[in-house]
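Q: model the following, please.
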Amino acid sequence: MNLYRETNRDSLALKEAAYLLEQPPKVQSQAIEDMKLEAASYIHYLDSYCDD
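A: Down below sits the predicted model:
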């Protein structure tokens with residue numbers, strides 16, 4: 001997701017963010033939670049950006 005964000009490919013980044021949120025974690029860890037939080041924040045950011 002971050003690679004797509006850095007190269008300004010928002011549609012692919014959004015697709016990856018949604019995929020990250022759909023997948024159940026194989027192992028619970030703080031890194032997984034941080035990744036999911038970042039993906040949710042990115043989706044929220046794009047949603048609010050598109051509403052304006």
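Q: for the helix or strand bottoming out on mean pLDDT in the chain, packing partners?
A: Of all helical and strand segments in the chain, the minimum by mean pLDDT, DSSP states H and E falls on helix 30-51, at a mean of 90. In terms of contacts (3 or more Cβ pairs under 8 Å, 6 or more residues apart in numbering; DSSP states H and E), helix 30-51 is packed against helix 10-22. (Each C-beta comes from the backbone N, C-alpha and C, glycine too.)
Q: measure how the helix it packs on sits relative to helix 30-51, angle-wise.
A: 140 degrees (axes from the mean of the first three to the mean of the last three Cα atoms, to 10 degrees).
Q: residues in contact with helix 10-22?
A: Met1, Asn2, Tyr4, Arg5, Met35, Lys36, Ala39, Ala40, Tyr42, Ile43, Leu46 (Cβ atoms under 8 Å, 6 or more residues apart in numbering).
Q: could you count how many residues lie near the second one?
A: This points to Asn2. Applying other Cβ atoms under 10 Å, we find 13 residues neighbouring Asn2.
Q: show me how far stretch 6-13 is from its chain's centre.
A: 11 Å (Cα atoms, centre = their mean, to the nearest Å).
Q: list the buried ones in it?
A: Ala13 (16 or more other Cβ atoms under 10 Å).
Q: pLDDT of that stretch, averaged?
A: The pLDDT scores in stretch 6-13 average 93.
Q: before we move on, back to that, the least confident helix or strand of the chain: how far from the chain's middle?
A: Distance, centroid of helix 30-51 to centroid of chain: 5 Å (Cα atoms, centre = their mean).
Q: and if you look at stretch 4-16?
A: The answer for stretch 4-16 is 9 Å, by Cα atoms, centre = their mean.
Q: that one: end-to-end distance?
A: 9 Å (Cα to Cα, to the nearest Å).
Q: list the contacts of Glu6.
A: Contacts of Glu6 by Cβ under 8 Å, 6+ apart: none found.
Q: now with 10 Å?
A: Remark: with contacts taken as Cβ atoms under 10 Å, 6 or more residues apart in numbering, Glu6 is in contact with Ala13.
Q: list only buried entries from the contacts of helix 10-22.
A: Met1, Tyr4, Arg5, Met35, Ala39, Tyr42, Ile43.
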